[in-house]
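S.K.: 3D, please:
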Amino acid sequence: MNSVSMSLVSIRIITTDVGRLMAFYERVTGMAAIRYTDDFAELVTPACTLAIGSARTVQMFGAGVARPADNHTAIIEFRVADVDKAFQDLGDVLGDSLVQSPTTMPWGNRSLLFRDPDGNLVNFFTPVSAEAIQRLER
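M.R.: Predicted structure coming up:
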C-alpha cells in the first residue's frame, strides 16, 4: 500500500457509557458531538475524528478485541490555542483527573495532561518554541 494515499482519520475509544464519555469530551473541547446511535458518536475536528463506541460495538469485530477503560499506552492529544487558558477554563472539570498542570516540554510544546472519565490520558497542548510551531504547521 502506498503510504502517500493513507491518512489517519479517526481514533475510537470503547466505553461502557457513550453518553457520559462524549459529554465529557464536548465539555472539555467546547465542540458538539454527532450522536448516530446510543452505541456510537463522533467528535469531528479539522484534523481527526474522535469516535466513541460502546462495548457492544466491539462484539461485531470479535470478542475481546478491545476492553473499555483499559488503555495504558495511548494519549489522546488536542492542539489548543492557549493551554494555560484551557487549564483555567477547565478547573472545575478536571478535579482529581489532573495528571500534570501546564508544563513546557523539552520538544517545545506546553502541555496539560489529564484523564477522561474512563481513565484515558488526554493532552491539551500548545506549541511554544519556534521549532514546535514550525513542526506542527501543515
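
S.K.: partners of the nearest residue to I75 once chain neighbours are set aside in the sheet?
M.R.: Nearest residue to I75, sequence neighbours excluded (C-beta to C-beta, 6 or more residues apart in numbering): L121, at 4.4 Å. In this view, the C-beta of every residue, glycine as well, is placed from N, C-alpha and C. Beta-bridge pairing for L121 (DSSP bridges): I75, R115.

S.K.: contacting residues for L121?
M.R.: Each residue near L121 by C-beta atoms under 8 Å, 6 or more residues apart in numbering is listed here: N71, A74, I75, I76, V99, L113, F114, R115.

S.K.: ok, the last one - how many residues close by?
M.R.: This means R115. Here the number of neighbours of R115 (other C-beta atoms under 10 Å) works out to 15.

S.K.: for it, give its distance to I75.
M.R.: Taking C-beta to C-beta, to the nearest Å as the measure, R115 falls 10 Å from I75.

S.K.: most neighbours among the contacts of L121, which one?
M.R.: Using other C-beta under 10 Å as the neighbour criterion, F114 leads the contacts of L121 with 21 neighbours.

S.K.: my guess is it contacts L94, does it?
M.R.: Yes. The criterion here is C-beta atoms under 8 Å, and F114 meets it with L94 at 5.2 Å.

S.K.: which parts of the helix-or-strand element of the chain with minimal mean pLDDT are buried?
M.R.: Lowest mean confidence among the helices and strands of the chain (mean pLDDT, DSSP states H and E): helix 55-58, at a mean of 86. Residues of helix 55-58 classed as buried by neighbour count (16 or more other C-beta atoms under 10 Å): A55, T57, V58.
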